[in-house]
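In: Can you look at this prediction? I've put the sequence above it.
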Amino acid sequence: MPSLDEAIAFFVDHFGAELIFTDGPFADPTSDGMRRRLDVDPRAQCSLAMLRLGQHHNVELFEYTAPEQQSTPPRNSDVGGHHLAFYVDDIDAAFDYVRSIPGVVTQEGPNDVSPDAPVAGQRWFYFKTPWGMQMELTTCGGDGFYTGLPGAEMVAPTETWR
(Lines give C-alpha, C1' and ligand atoms only; values in the text may rest on other atoms or scores of the structure.)
Protein backbone atom coordinates (compact mmCIF):
# COMPACT_ATOMS: atom_id res chain seq x y z
CA MET A 1 0.00 0.00 0.00
CA PRO A 2 1.50 3.36 -0.92
CA SER A 3 1.60 6.40 1.23
CA LEU A 4 -0.76 9.15 0.20
CA ASP A 5 2.26 11.16 -0.94
CA GLU A 6 3.34 8.33 -3.27
CA ALA A 7 -0.14 8.07 -4.80
CA ILE A 8 -0.30 11.85 -5.27
CA ALA A 9 3.11 11.82 -6.97
CA PHE A 10 2.02 8.98 -9.29
CA PHE A 11 -1.01 10.90 -10.58
CA VAL A 12 0.76 14.28 -10.70
CA ASP A 13 3.97 13.02 -12.33
CA HIS A 14 2.47 10.54 -14.79
CA PHE A 15 -1.09 11.74 -15.51
CA GLY A 16 -0.76 15.51 -15.25
CA ALA A 17 -2.99 15.81 -12.20
CA GLU A 18 -2.93 18.93 -10.07
CA LEU A 19 -2.99 18.60 -6.29
CA ILE A 20 -5.87 20.77 -5.03
CA PHE A 21 -5.69 20.00 -1.29
CA THR A 22 -4.92 17.42 1.36
CA ASP A 23 -6.79 16.96 4.63
CA GLY A 24 -6.71 14.79 7.73
CA PRO A 25 -5.95 12.60 9.41
CA PHE A 26 -9.53 11.89 10.39
CA ALA A 27 -10.41 9.55 13.26
CA ASP A 28 -13.07 9.14 15.92
CA PRO A 29 -11.31 7.47 18.87
CA THR A 30 -14.21 7.95 21.30
CA SER A 31 -17.12 6.43 19.33
CA ASP A 32 -17.99 4.33 16.29
CA GLY A 33 -18.37 7.38 14.04
CA MET A 34 -15.92 6.06 11.44
CA ARG A 35 -18.03 2.91 11.07
CA ARG A 36 -21.29 4.88 10.89
CA ARG A 37 -20.02 7.43 8.37
CA LEU A 38 -17.64 5.35 6.25
CA ASP A 39 -18.35 1.66 7.05
CA VAL A 40 -14.77 1.09 8.21
CA ASP A 41 -13.33 -0.22 11.47
CA PRO A 42 -14.27 2.19 14.29
CA ARG A 43 -10.54 2.68 15.07
CA ALA A 44 -9.63 3.47 11.45
CA GLN A 45 -8.07 6.76 10.53
CA CYS A 46 -7.61 8.29 7.11
CA SER A 47 -6.13 11.19 5.25
CA LEU A 48 -7.23 12.38 1.83
CA ALA A 49 -6.06 14.30 -1.21
CA MET A 50 -8.16 15.90 -3.94
CA LEU A 51 -6.59 15.94 -7.39
CA ARG A 52 -7.85 17.65 -10.55
CA LEU A 53 -7.34 15.99 -13.92
CA GLY A 54 -8.13 18.37 -16.75
CA GLN A 55 -11.10 20.69 -16.50
CA HIS A 56 -13.82 18.25 -15.47
CA HIS A 57 -12.46 15.41 -13.38
CA ASN A 58 -11.54 15.20 -9.72
CA VAL A 59 -9.95 12.13 -8.17
CA GLU A 60 -10.11 11.78 -4.40
CA LEU A 61 -7.38 9.61 -2.88
CA PHE A 62 -7.49 8.13 0.61
CA GLU A 63 -4.84 6.59 2.83
CA TYR A 64 -6.30 4.46 5.64
CA THR A 65 -4.80 2.73 8.63
CA ALA A 66 -7.03 0.33 10.53
CA PRO A 67 -6.85 -2.75 12.75
CA GLU A 68 -6.89 -5.95 10.68
CA GLN A 69 -6.55 -3.95 7.46
CA GLN A 70 -6.26 -6.13 4.35
CA SER A 71 -3.29 -5.22 2.21
CA THR A 72 -4.06 -7.26 -0.93
CA PRO A 73 -6.04 -5.25 -3.49
CA PRO A 74 -9.13 -7.04 -4.88
CA ARG A 75 -8.96 -8.44 -8.40
CA ASN A 76 -11.48 -7.00 -10.84
CA SER A 77 -13.48 -10.23 -10.57
CA ASP A 78 -13.64 -10.12 -6.75
CA VAL A 79 -16.62 -8.76 -4.87
CA GLY A 80 -15.73 -5.11 -4.40
CA GLY A 81 -13.26 -5.26 -7.28
CA HIS A 82 -12.99 -2.04 -9.26
CA HIS A 83 -10.89 -0.02 -11.65
CA LEU A 84 -10.49 3.59 -12.70
CA ALA A 85 -10.62 4.35 -16.45
CA PHE A 86 -9.47 7.36 -18.45
CA TYR A 87 -9.99 8.26 -22.10
CA VAL A 88 -6.89 8.99 -24.20
CA ASP A 89 -6.54 10.11 -27.81
CA ASP A 90 -3.58 7.86 -28.71
CA ILE A 91 -3.88 4.45 -27.07
CA ASP A 92 -0.63 3.12 -28.57
CA ALA A 93 1.40 6.06 -27.24
CA ALA A 94 -0.38 5.73 -23.89
CA PHE A 95 0.45 2.01 -23.72
CA ASP A 96 4.14 2.67 -24.45
CA TYR A 97 4.21 5.47 -21.89
CA VAL A 98 2.50 3.50 -19.12
CA ARG A 99 4.81 0.51 -19.72
CA SER A 100 7.77 2.81 -19.06
CA ILE A 101 6.57 3.91 -15.60
CA PRO A 102 8.60 2.13 -12.88
CA GLY A 103 6.53 -0.34 -10.86
CA VAL A 104 3.55 -0.36 -13.25
CA VAL A 105 2.39 -3.75 -14.55
CA THR A 106 0.55 -3.64 -17.88
CA GLN A 107 -1.89 -6.31 -18.96
CA GLU A 108 -2.16 -7.45 -22.58
CA GLY A 109 -3.13 -4.74 -25.00
CA PRO A 110 -4.10 -2.49 -26.52
CA ASN A 111 -7.17 -4.65 -27.15
CA ASP A 112 -9.81 -4.13 -29.85
CA VAL A 113 -13.54 -4.31 -29.15
CA SER A 114 -15.64 -6.51 -31.45
CA PRO A 115 -17.01 -4.70 -34.52
CA ASP A 116 -20.50 -5.83 -33.41
CA ALA A 117 -20.20 -4.23 -29.95
CA PRO A 118 -22.05 -1.01 -29.03
CA VAL A 119 -18.65 0.71 -28.79
CA ALA A 120 -17.11 -0.74 -31.97
CA GLY A 121 -13.73 0.84 -32.62
CA GLN A 122 -12.90 1.15 -28.94
CA ARG A 123 -9.39 0.08 -27.94
CA TRP A 124 -8.28 -0.40 -24.35
CA PHE A 125 -5.83 -1.92 -21.89
CA TYR A 126 -5.56 -2.44 -18.16
CA PHE A 127 -2.60 -1.87 -15.89
CA LYS A 128 -1.79 -1.90 -12.20
CA THR A 129 -0.25 1.02 -10.35
CA PRO A 130 2.85 0.34 -8.24
CA TRP A 131 0.54 -0.32 -5.24
CA GLY A 132 -1.76 -2.69 -7.19
CA MET A 133 -4.72 -0.47 -8.09
CA GLN A 134 -6.38 -1.52 -11.35
CA MET A 135 -6.65 1.17 -14.03
CA GLU A 136 -7.73 1.24 -17.66
CA LEU A 137 -6.92 3.52 -20.55
CA THR A 138 -9.32 3.53 -23.50
CA THR A 139 -9.88 5.33 -26.79
CA CYS A 140 -12.37 5.28 -29.63
CA GLY A 141 -11.40 5.18 -33.28
CA GLY A 142 -14.78 6.20 -34.70
CA ASP A 143 -16.95 9.30 -34.76
CA GLY A 144 -17.61 9.20 -31.05
CA PHE A 145 -17.33 6.90 -28.10
CA TYR A 146 -21.09 6.91 -27.44
CA THR A 147 -22.50 7.42 -30.95
CA GLY A 148 -26.04 6.06 -30.96
CA LEU A 149 -26.06 5.47 -27.19
CA PRO A 150 -27.63 7.56 -24.41
CA GLY A 151 -24.27 9.19 -23.55
CA ALA A 152 -23.83 10.56 -27.07
CA GLU A 153 -24.92 14.02 -25.95
CA MET A 154 -21.93 14.43 -23.63
CA VAL A 155 -19.21 16.86 -24.64
CA ALA A 156 -16.27 15.23 -26.36
CA PRO A 157 -12.96 15.24 -24.48
CA THR A 158 -10.80 18.23 -25.38
CA GLU A 159 -7.58 17.16 -23.74
CA THR A 160 -4.95 14.97 -25.35
CA TRP A 161 -2.56 12.41 -23.93
CA ARG A 162 0.55 14.17 -22.77
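Out: That came through, no problem. Numbering: from 1, shown residues only.
In: wait, doesn't R75 sit right on G81?
Out: Yes. The pair R75 / G81 is scored as a contact, 5.5 Å apart, by Cβ atoms under 8 Å. In short, each C-beta sits where N, CA and C put it, glycine included.
In: what's the distance between Q70 and T30?
Out: Relative to T30, Q70 is positioned 25 Å away (criterion: Cβ to Cβ, to the nearest Å).
In: Give the intersection of the neighbour lists for R75 and G81.
Out: When Cβ atoms under 8 Å, 6 or more residues apart in numbering defines a contact, the residues bordering R75 and G81 alike are Q134.
In: give me every residue that touches the residue positioned nearest the centre of the chain.
Out: Nearest to the mean C-alpha position of the chain, counting by Cα atoms, centre = their mean, stands L84 at 3.2 Å. Counting by Cβ under 8 Å, 6+ apart, L84 touches 59, 133-136.
In: same thing but at 7 Å, please
Out: M135 (Cβ atoms under 7 Å, 6 or more residues apart in numbering).
In: Let me know the outermost residue of this protein.
Out: Relative to the centre of the chain, and counting by Cα atoms, centre = their mean, the farthest-placed residue is T30 at 33.2 Å.
In: Can you tell me how far that residue is from V40?
Out: Counting by Cβ to Cβ, the gap from T30 to V40 is 16 Å.
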